[in-house]
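Engineer: Quick one, fold the following:
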Amino acid sequence: MAATKKTTRVIFGLAVVAVLALFAILRWPYLEMPLERDEGTYLVLGHQVTQGAVPYEDIYEMKPPGLFYAYAILSAIGGYGFEGARTITLLLHLVNGLFLFFILRRTGWLWGALGAMIAFLSLSMNPYFHGFALLPEPIMIFLFLSGILCLQFARAKNYRYLLAAAFLVSSFWIKQNMMFPLIFVGLLLLYRIIRSPLPEKQPLLYFMAGGVAVPVLTLLPIVLQGGWDDFYYWVWTYPKSIYTQSISWSSGFSYMTKVLELSWSHLMVWVIAAGLGFAFHFALKQRLYGRATPLLFLVFSFLAVMPGLRFYGHYWMILLPAIAVGVGAFFEGVHQLLRMRFSRLASGIAISCLLLGLTSGHIFQQSKVYFSPNIEEWSRLSYGNNPFLEIHDIAKKLKDYASTKEDVVVMGSEPQLYVYLQATPFTSHTFITFLNKVHPRRGEMRSEFTSDVQQAEPKYMVFVNHPYSWSISDQDRKDVHQWAYRYAKNYYRPIGLYEMDGTAKDRKIWSEDAGQLQPRSQYYVQILIRK
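Structural biologist: Numbering: from 1, shown residues only. This next block holds a predicted model:
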């Protein structure tokens with residue numbers, strides 16, 4: 001019996017290594033996917049924190065402090081640069097899949113743990129979920145799963161309860177919508193406390209201490225440096241008045257269905273398996289608590305996708321662990337049914353064939369994603385004609401054109417250029433969208449930005465003329481865009497032009513003697529040098 005268990009562990013250990021290696025190979029070409037706007041913003045913020053900037057006072061974002069410090073850590077370990085950011089992205093997803101396997105293996109699943117891991121790694125490669133970008137969602141999933149793992153291994157080790165709470169709260173302390181999966185975990189813990197005849201107080205105290213420690217330790221330096229009012233403004237006042245009120249229910253539903261329509265071919269196999277898995281789990285478990293747990297996890301994870309009603313592709317990443325758990329429940333349920341009628345060997349062969357068949361069928365059905373990725377094509381399909389490919393190419397050209405130590409300013413919300421150049425921006429206003437929205441601090445921020453540019457007199461300017469880069473709606477102000485256009489015309493001359501009209505007519509022109517390069521398309525990026 002012991003020999004059989006040891007053999008099983010070895011076989012499944014090799015299977016896990018093989019799965020990780022397979023998805024590392026499949027993901028490898030996507031290391032060339034250009035950086036996008038949001039990940040560029042967060043990496044710049046993290047880098048500025050490593051340079052001594054105080055969150056909310058010197059730099060700002062409408063996310064909790066954990067986002068600043070998480071990206072500061074990533075920047076410090078080599079993430080502030082194209083190759084480093086992409087390598088960390090790949091490793092994060094592989095580790096998340098591995099952690100999910102460990103968690104489900106600890107609950108007693110075997111085939112289900114392996115199936116869930118494969119499903120998660122496959123789902124995270126959905127191009128429309130932006131799984132190739134270093135966005136907050138994979139970091140939040142990593143922290144959430146780390147917390148669950150610590151809880152599973154806690155037992156009499158009280159410090160593990162502290163670590164578990166610290167990891168779990170940290171996932172919320174990066175983006176507020178992670179509160180919903182945390183509510184799910186809280187309900188499970190409350191249920192166990194109520195069911196326990198004599199719950200121990202000491203582990204609970206450690207858990208509470210770990211939960212409180214994260215916000216206290218990250219907020220304390222901000223408060224001591226006079227940043228409390230700024231923190232409150234950006235985390236509560238601004239999003240409440242601007243962000244959460246701007247999308248109607250009908251628009252939100254339209255956004256949701258659009259993402260699902262684009263993603264369905266990649267989701268289909270795993271979503272169907274997950275649906276069957278939730279049904280199997282509910283039917284095979286005797287206690288309601290055990291029956292409802294995976295389905296509740298799915299519900300609370302979906303709630304985390306809903307705040308703001310924007311349903312951006314990367315929001316759906318938070319739902320992937322729950323779908324993967326459903327897939328795991330499917331394979332575990334099928335294996336249990338097979339074991340009722342067949343021998344261990346026969347049922348093992350049958351379930352392994354089913355797992356291999358579904359996985360290989362999905363991979364071959366999505367061969368365009370897995371075997372022949374066209375980075376330019378997927379970038380356009382995922383991000384439209386946003387200038388992410390262009391900014392990547394411009395950064396490479398600027399490195400050859402001039403010393404990267406020379407100041408560069410981006411007129412538009414494309415801070416990923418600074419990451420490519422591994423440069424520290426001379427201004428805190430790198431996400432210019434904030435300067436267009438009507439809010440109490442807009443005038444002060446606009447004046448500060450224009451003053452920063454005029455004082456720095458950067459040698460190069462990258463002027464982005466794209467609606468998403470400026471994000472100006474009918475209710476917003478256009479004065480910053482107008483000022484930038486005039487400033488560029490008065491003090492700079494063009495040396496490069498990129499046009500994005502989504503067709504073969506896209507133009508790329510570089511010339512020191514370009515003179516007055518006139519764009520033909522309404523979407524363009526102009527590279528200028530100071531006169």
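
Engineer: My understanding was that residue 123 contacts residue 318; is that so?
Structural biologist: No - look at residue 123 against residue 318 with CB atoms under 8 Å: they stay out of range, at 11.6 Å. Every C-beta, even on glycine, is put in place using the N, C-alpha and C of the backbone.

Engineer: Where does the prediction get shaky in this structure?
Structural biologist: 1-4, 156, 196-201, 243-246, 285-291, 402-405, 502-506, 512-516 (pLDDT under 70).

Engineer: longest helix anywhere in it?
Structural biologist: Longest helix in the chain, counting residues (DSSP state H): helix 249-284.

Engineer: Would you mark the buried spots in that helix?
Structural biologist: Neighbour-count burial for helix 249-284, counted by 16 or more other CB atoms under 10 Å, picks out 255-256, 259, 262-263, 266-267, 269-271, 273-274, 276-278, 280-282.

Engineer: Show me how far it is from its chain's centre.
Structural biologist: 19 Å (CA atoms, centre = their mean, to the nearest Å).

Engineer: Give the other helices and strands that that helix contacts.
Structural biologist: The elements that helix 249-284 packs onto, with contact taken as 3 or more CB pairs under 8 Å, 6 or more residues apart in numbering; DSSP states H and E, are helix 111-123, helix 288-305, helix 320-339, helix 344-365.

Engineer: ok, now with 10 Å
Structural biologist: Counting contacts by 3 or more CB pairs under 10 Å, 6 or more residues apart in numbering; DSSP states H and E, helix 249-284 is packed against helix 111-123, helix 288-305, helix 320-339, helix 344-365, helix 367-370.

Engineer: need those helices in a markdown table with mean neighbour count and distance to residue 525, can you?
Structural biologist: Rendered in a markdown table, the data for the helices and strands packed on helix 249-284 read as follows (neighbours: other CB atoms under 10 Å; distance: least, CB to CB, whole Å):
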| stretch | mean neighbour count | distance to residue 525 |
| --- | --- | --- |
| helix 111-123 | 28 | 33 |
| helix 288-305 | 18 | 32 |
| helix 320-339 | 25 | 33 |
| helix 344-365 | 15 | 36 |
| helix 367-370 | 15 | 28 |
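
Engineer: Make a markdown table out of these and add distance to residue 36.
Structural biologist: Shown next, in a markdown table, are these (distance: least, CB to CB, whole Å):
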| stretch | distance to residue 36 |
| --- | --- |
| helix 111-123 | 19 |
| helix 288-305 | 19 |
| helix 320-339 | 19 |
| helix 344-365 | 25 |
| helix 367-370 | 18 |
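
Engineer: quick one, which of the ones you listed is nearest to residue 379?
Structural biologist: helix 367-370 (13.3 Å; CB to CB).

Engineer: got a list of contacts for that closest one?
Structural biologist: For helix 367-370, the external contacting residues (CB atoms under 10 Å, 6 or more residues apart in numbering) are 22-23, 25-27, 29-30, 122, 125-127, 265-266, 362-364, 374, 377-378.

Engineer: Same check on stretch 335-348?
Structural biologist: 4, 8, 11, 109-112, 115, 280, 284, 334, 349-352, 354-355.

Engineer: Tell me which stretches of the stretch 351-500 of the chain form strands.
Structural biologist: Under the criterion DSSP state E, counting those that start in this stretch, strands of the stretch 351-500 of the chain are mapped to 408-411, 460-465, 492-499.

Engineer: Partner strands of the shortest one, with direction?
Structural biologist: Meaning strand 408-411. strand 460-465 (parallel) (DSSP bridges).

Engineer: between the partner strand and strand 492-499, how many degrees?
Structural biologist: 50 degrees (axes from the mean of the first three to the mean of the last three CA atoms, to 10 degrees).

Engineer: Which stretch among the strands of the stretch 351-500 of the chain approaches residue 143 most closely?
Structural biologist: Judging the strands of the stretch 351-500 of the chain by CB to CB, what sits closest to residue 143 is strand 408-411, at 30.5 Å.

Engineer: centre of the chain versus that closest one, how much separation?
Structural biologist: 25 Å.

Engineer: how about residue 127, what does it touch?
Structural biologist: 30, 33, 262-263, 266, 313, 366, 368-369, 373, 377-379, 381-383.

Engineer: For those, which two are the farthest from each other?
Structural biologist: Longest span within these, CB to CB: 366 and 383, 19.2 Å.

Engineer: is it possible to export the strands of the stretch 351-500 of the chain to JSON lines including mean neighbour count and distance to residue 194?
Structural biologist: Formatted as JSON lines, those follow (neighbours: other CB under 10 Å; distance: least, CB to CB, whole Å):
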{"stretch": "strand 408-411", "mean neighbour count": "24", "distance to residue 194": "54"}
{"stretch": "strand 460-465", "mean neighbour count": "23", "distance to residue 194": "55"}
{"stretch": "strand 492-499", "mean neighbour count": "21", "distance to residue 194": "61"}
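
Engineer: Let's see the strand or helix carrying residue 192 as PDB, backbone CA atoms only.
Structural biologist: If you go by DSSP states H and E, residue 192 is part of helix 179-195. The C-alpha trace of helix 179-195 is given here as PDB (Å, rounded to 0.1, in the frame of the first residue of the first chain):
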ATOM      1  CA  MET A 179     -13.100  41.900  -1.000                       C
ATOM      2  CA  PHE A 180     -15.700  39.500  -2.400                       C
ATOM      3  CA  PRO A 181     -13.500  36.400  -2.500                       C
ATOM      4  CA  LEU A 182     -12.300  37.400   1.000                       C
ATOM      5  CA  ILE A 183     -15.900  37.600   2.200                       C
ATOM      6  CA  PHE A 184     -16.300  34.000   0.900                       C
ATOM      7  CA  VAL A 185     -13.200  32.900   3.000                       C
ATOM      8  CA  GLY A 186     -14.600  34.800   6.000                       C
ATOM      9  CA  LEU A 187     -17.900  33.000   5.800                       C
ATOM     10  CA  LEU A 188     -16.100  29.600   5.600                       C
ATOM     11  CA  LEU A 189     -14.000  30.400   8.600                       C
ATOM     12  CA  LEU A 190     -17.000  31.700  10.600                       C
ATOM     13  CA  TYR A 191     -18.900  28.500   9.800                       C
ATOM     14  CA  ARG A 192     -15.900  26.400  11.100                       C
ATOM     15  CA  ILE A 193     -15.700  28.500  14.200                       C
ATOM     16  CA  ILE A 194     -19.400  28.000  14.900                       C
ATOM     17  CA  ARG A 195     -19.200  24.300  14.200                       C
END
